[in-house]
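>>> Show me how the following folds:
(chains A and B)
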Protein chains: 2
Amino acid sequence: MSNAYELMSDADLDAAIAAIESDAEHLKALGLKLDMARGKPSPEQTALSRPMLDLIDSTTTLTDGGLPVDNYGVPDGLPSARALAAQILGVDPANVVVNGSSSLNLMHDLVCHAYTHGIGGNKPWCQQGRVKFLCPSPGYDRHFKVSAHYGLENVPVPMLDDGPDMDTVVRLVESDPAVKGIWCVPKYANPTGITYSDDVVRRFANLRPAAPDFRIFWDNAYAVHGFTEKDTPLLNIFDALAEVGGDDLVYEFGSTAKVTFPSSGMAYVTASAADMAEIRGAFSVMRVSPEKFSQLAHVLFLKNLDGVKAHMRAHAAIVGPRFALVEQKLTEGLGELGCATWTHPTGGYFVSFDGPEGSAKAIVKLAADLGVKMTPAGATWPSGKDPHDTNIRIAPTYPSLDELSRALDVFVVAVKLVSARLAKVARA
Amino acid sequence: MSNAYELMSDADLDAAIAAIESDAEHLKALGLKLDMARGKPSPEQTALSRPMLDLIDSTTTLTDGGLPVDNYGVPDGLPSARALAAQILGVDPANVVVNGSSSLNLMHDLVCHAYTHGIGGNKPWCQQGRVKFLCPSPGYDRHFKVSAHYGLENVPVPMLDDGPDMDTVVRLVESDPAVKGIWCVPKYANPTGITYSDDVVRRFANLRPAAPDFRIFWDNAYAVHGFTEKDTPLLNIFDALAEVGGDDLVYEFGSTAKVTFPSSGMAYVTASAADMAEIRGAFSVMRVSPEKFSQLAHVLFLKNLDGVKAHMRAHAAIVGPRFALVEQKLTEGLGELGCATWTHPTGGYFVSFDGPEGSAKAIVKLAADLGVKMTPAGATWPSGKDPHDTNIRIAPTYPSLDELSRALDVFVVAVKLVSARLAKVARA
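Residues are numbered from 1 along each chain as shown, chains lettered A, B, ... in the order given. This is a model prediction of the structure:
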């Protein structure tokens, strides 16, 4: 679709800019303080898990499968917690370790382990010179920060509607032994909300990496986080690996941070038996024995995958209307103008928005001036550098519906004004 | 004192060995399965903290100082938890970060950070070639394993009755820029139970390290863990630093693992303001935001330092009799024989035992054969290599008094038999 501002006569464009500027002035005068920056559950959502806090008290039996909850030990996590995590991920509990409350922390520790000690008996990455990590972009800034923290070269790979551009991924992974990893959010991706197609998952499982110490960091953060009637299924990558006899290729992560309480969920990792043996060895020095009360509480509260799904339907009832409002407000405000596109997720925590070339930073700045905080433009790209300066991540879950509605009004005005001004500048 | 077995006539020694062997046979026939290996609280002790589990339920206000307990954020930990940790350590809460449940995990992360990124703008340790860590020995095996894990050279330093041999420490730290750190348990040390004297603490504070990136890893694990009437005071190393205008020299750690629940306490770190700024920066990538329900529960339960002290008196009432039994059984069984020495701690979790040269491995093996598991001989030395093979760590807290009594009977017989046999071998 063409950009309406570009098609206007000079006089019409000036009039349009003047009208939007007037709208902006009115909004600014409201002195709003709104936030669409943070991918975090709203207070209504965290309230859903409050009953979990009643399930452990001073009379609770503090053992699980004969193992102590209230003392040292049990480095793999409680058997029942491992079983629950295994159900969520669809894998063998024998290959699951539950430890800590942050899957990002687990991912960090494994990148760090590879950097300092190497994977599978190969040289530590810190001794291999140039090491590259593939970053499907737009993607998750905290992933990119972990690999950047260790001096790895973050290489952007285009994100398509069905997953990363696999022609590029396959070419880079299979030809370049410096490519050691790739960050993936395979379901309801951050920020585009898309789910990898079966074909994409199979192409991942079929990778024949040039580097023996290449691993896919498969962050299945939103495995159960659909908010529409119908869940979008993700092909289980370990099933796809089994189809082709693959083995040590994938580290899969997950947590209940956005099921129960952010920062206080249970975090888990699974991989091949050989990879898990190495991970357990590294963790035995890095992490020692895990906090287990939280694991027990989660098992008592969520029980099993059916329990998780039922709980996530309550989340969906809160989250769904917020995403519907984003769709409605953007369509009403921008649909006819042809200056922007955005994604239409059915799960996860984000909408990925693209404005005209060179607009994103200006839009985020203008929205901030008008009282609405957005994720910094560029954050969805490695080093915060969006090559076309178009992408903005919208995080609609935390604000109330009313706040969100006003924040989106501001955002729409910001997009229109920056787009119109860009059209004007292009004529000068 | 002379070793009685060495002074016996050949005939008396043979008779003694035969008598002890007979005792050993009787003990073996009992088929005991006892454990004095693990420095962990007994079930009676963890039961003391069960009331903490009643203090958070679905009706609890989940904020602290206006900050959320139940959502992302608050990377330094809850204000009230930082205040509690600061009271326990006697430092400014502004310089305290509470994160996770394991202080050993925090220590690991900071050794790892120094290894991969360096301290204070200096080269990462991984790029500095040979790097050494001082290990007062006997000491804590898990400390030594962290530094060994990163290929650092663990250098044993003698432990004296008032702390590490400071002449050696000062010489090595001030002359050798490869010396980057030292492991210290300054109060009720693991395993000797001694507390560093004021003079030793002041000599630490006065160190002028050859390496600008040298840090003291001050693991104040047993800050409030005395079990006799009178606590043994430890001079606050940050006060000692202030006396001499010192600054970036000490990372101090602690946790409530042995106050409330092992693996599920709250862990904390403090250092100079400049060091804490660097630590916060590293943690912002490594650890993200902490689990905070446990922090809130601890604050509600322990309240303040007085609350901690009252709670620790209840621990002392359980732990004290176990240590008294160790003292009694060792004195009764071995006191007159002159073949062994042991420490007489008034706090902490361990008794450090020394048998004749070349005896420790044999004693531990024999005790195991008779049904009593001990910490592996050598574990208290870097790389598990006790140069004289004399030291054994006794961990009396976990078994019941009755189990402990039987385990000590076995241990005494094992010590006697190995000592007598060594005396016999020496004559051959």
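>>> For the rest of this, base every contact and every neighbour count on C-alpha atoms.
Will do.
>>> The stretch 301-428 of chain A: helices as residue ranges?
A:305-334, A:360-369, A:401-427 (DSSP state H, counting those that start in this stretch).
>>> now for the ones you listed, which one comes closest to residue A:174?
Proximity to residue A:174 (C-alpha to C-alpha) singles out helix A:360-369 among these, at 34.1 Å.
>>> ok, residues contacting the closest one?
A:28, A:354, A:373-378, A:389-392, A:410-411, A:414-415, A:418 (C-alpha atoms under 8 Å, 6 or more residues apart in numbering or on different chains).
>>> The residues you listed: which ones sit near chain B?
When contact is defined as C-alpha under 8 Å from any C-alpha of the partner chain, the contacts of helix A:360-369 do not meet chain B at all.
>>> Got the domain ranges for chain A?
Listed domain ranges for chain A are A:4-45+A:309-427, A:62-303 (source: automatic domain parsing).
>>> Now residue A:168. Nearest residue, chain neighbours left out?
Distances taken as C-alpha to C-alpha, 6 or more residues apart in numbering or on different chains put residue A:157 closest to residue A:168, at 7.0 Å, once the chain neighbours are dropped.
>>> so that neighbour is in which element?
Assigned by DSSP states H and E, residue A:157 belongs to strand A:153-160.
>>> In that strand, which residues are buried?
By neighbour count with 16 or more other C-alpha atoms under 10 Å in any protein chain shown, strand A:153-160 contains the buried residues A:153, A:154, A:155, A:156, A:157, A:158, A:159.
>>> Identify, from the residues you listed, the entry nearest to residue B:67.
Nearest to residue B:67 among these is residue A:154, at 34.1 Å by C-alpha to C-alpha.
>>> so who does the closest one touch?
Residue A:154 makes contact with A:132, A:133, A:134, A:135, A:144, A:147, A:148, A:382, A:383, according to C-alpha under 8 Å, 6+ apart.
>>> Quick check: residues of the stretch 1-150 of chain A near chain B?
A:40-41, A:46, A:50-54, A:56-59, A:70-73, A:100-102, A:104-105, A:108-109, A:116, A:142, A:145-146, A:149-150.
>>> Among those, which ones are in helices?
A:46, A:104, A:105, A:108, A:109, A:116, A:142, A:145, A:146, A:149 (DSSP state H).
>>> Which two among those residues are spaced furthest apart?
Maximum pairwise distance among those (C-alpha to C-alpha): 37.4 Å, between A:46 and A:116.
>>> Between these two, tell me which one has more neighbours.
Relative neighbour count places residue A:116 above the other of residue A:46 and residue A:116, with 22 against 19, counting by other C-alpha atoms under 10 Å in any protein chain shown.
>>> Pick out the residue in the stretch 101-250 of chain A sitting closest to chain B.
Proximity to chain B, evaluated over the stretch 101-250 of chain A using C-alpha to the nearest C-alpha, is greatest for residue A:105 at 5.3 Å.
>>> Wait, that residue touches residue B:291, no?
No: using C-alpha atoms under 8 Å as the test, residue A:105 is too far from residue B:291 to be in contact (11.9 Å).
>>> okay, those two: which has more neighbours?
Neighbour totals were compared for residue A:105 and residue B:291, and residue B:291 leads with 33 against 20 (other C-alpha under 10 Å).
>>> For the worst-scoring helix or strand of chain A on mean pLDDT, which helices and strands make contact with it?
Within chain A, judged by mean pLDDT, DSSP states H and E, the helix or strand with the poorest mean is strand A:34-36; its value is a mean of 93. Applying 3 or more C-alpha pairs under 8 Å, 6 or more residues apart in numbering or on different chains; DSSP states H and E, one finds that strand A:34-36 contacts strand A:372-374, helix A:401-427.
>>> Parallel or antiparallel, list what pairs with the shortest one.
If you go by DSSP bridges, strand A:372-374 pairs up with strand A:34-36 (parallel).
>>> From the chain's centroid, how far away is the strand it pairs with?
Using C-alpha atoms, centre = their mean, to the nearest Å, the distance from the centre of strand A:34-36 to the centre of the chain it belongs to is 18 Å.
>>> residues of it that come out buried?
Using 16+ other C-alpha under 10 Å as the test for burial, strand A:34-36 gives A:34, A:35, A:36.
>>> quick one: average pLDDT of stretch A:144-156?
In this model, stretch A:144-156 has a mean pLDDT of 98.
>>> what's the span of it, first residue to last?
Using C-alpha to C-alpha, to the nearest Å, one end of stretch A:144-156 lies 10 Å from the other.
>>> Any residues of the stretch 151-300 of chain A in contact with chain B? List them.
A:261-264, A:285-293.
>>> Please name whichever of the residues you listed scores lowest on pLDDT.
Within those, pLDDT is lowest for residue A:288, at 79.
>>> Now do residue A:414 against residue A:353, distance only.
Taking C-alpha to C-alpha as the measure, residue A:414 falls 13 Å from residue A:353.
>>> and those two? which has more neighbours close in?
More crowded of residue A:414 and residue A:353, by other C-alpha under 10 Å: residue A:414, with 26 against 19.
>>> Please spell out the PyMOL selection for the buried subset of the contacts of residue A:154.
Buried residues among the contacts of residue A:154 (16+ other C-alpha under 10 Å), as a PyMOL selection:
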select buried, chain A and resi 132+133+134+135+144+147+148+382
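>>> and the contacts of residue A:154 as JSON lines, adding distance to residue A:244?
Below are the contacts of residue A:154 laid out as JSON lines (distance: C-alpha to C-alpha, whole Å):
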{"residue": "A:132", "distance to residue A:244": "26"}
{"residue": "A:133", "distance to residue A:244": "24"}
{"residue": "A:134", "distance to residue A:244": "23"}
{"residue": "A:135", "distance to residue A:244": "25"}
{"residue": "A:144", "distance to residue A:244": "30"}
{"residue": "A:147", "distance to residue A:244": "29"}
{"residue": "A:148", "distance to residue A:244": "32"}
{"residue": "A:382", "distance to residue A:244": "32"}
{"residue": "A:383", "distance to residue A:244": "36"}
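>>> can you tell me which of the contacts of residue A:154 lies nearest to residue A:206?
Of all the contacts of residue A:154, residue A:206 sits closest to residue A:134, with 16.8 Å by C-alpha to C-alpha.
>>> Spit out the contact partners of the closest one.
The contact partners of residue A:134, taken as C-alpha under 8 Å, 6+ apart, are A:154, A:155, A:156, A:157, A:169, A:179, A:181, A:182, A:183.
>>> does it count as helix, strand or coil?
State at residue A:134, reduced to three classes by DSSP: H, G, I helix; E, B strand; the rest coil: strand.
>>> Which residue or residues pair with it through a beta bridge?
When assigned by DSSP bridges, residue A:134 has beta-bridge partners residue A:155, residue A:182.
>>> Tell me how far it lies from residue B:264.
Distance from residue A:134 to residue B:264, by C-alpha to C-alpha: 36 Å.
>>> what do you get for residue A:358?
Taking C-alpha to C-alpha, one finds residue A:358 at 49 Å from residue B:264.
>>> okay, these two: which has more neighbours?
Counted by other C-alpha under 10 Å, residue A:358 and residue B:264 do not tie: residue B:264 has more neighbours, with 26 against 17.
>>> quick one: that one is in a strand?
No: Residue B:264 is assigned coil when assessed by three-state DSSP, not a strand.
>>> looking at it, it is touching residue A:295, isn't it?
No: checked against C-alpha under 8 Å, the pair residue B:264 and residue A:295 is beyond contact range at 11.0 Å.
>>> Near the closest residue to residue A:5 other than its chain neighbours, how many other residues are there?
Nearest residue to residue A:5, sequence neighbours excluded (C-alpha to C-alpha, 6+ apart): residue A:420, at 5.5 Å. Neighbouring residues of residue A:420 were enumerated by other C-alpha under 10 Å; the total is 24.
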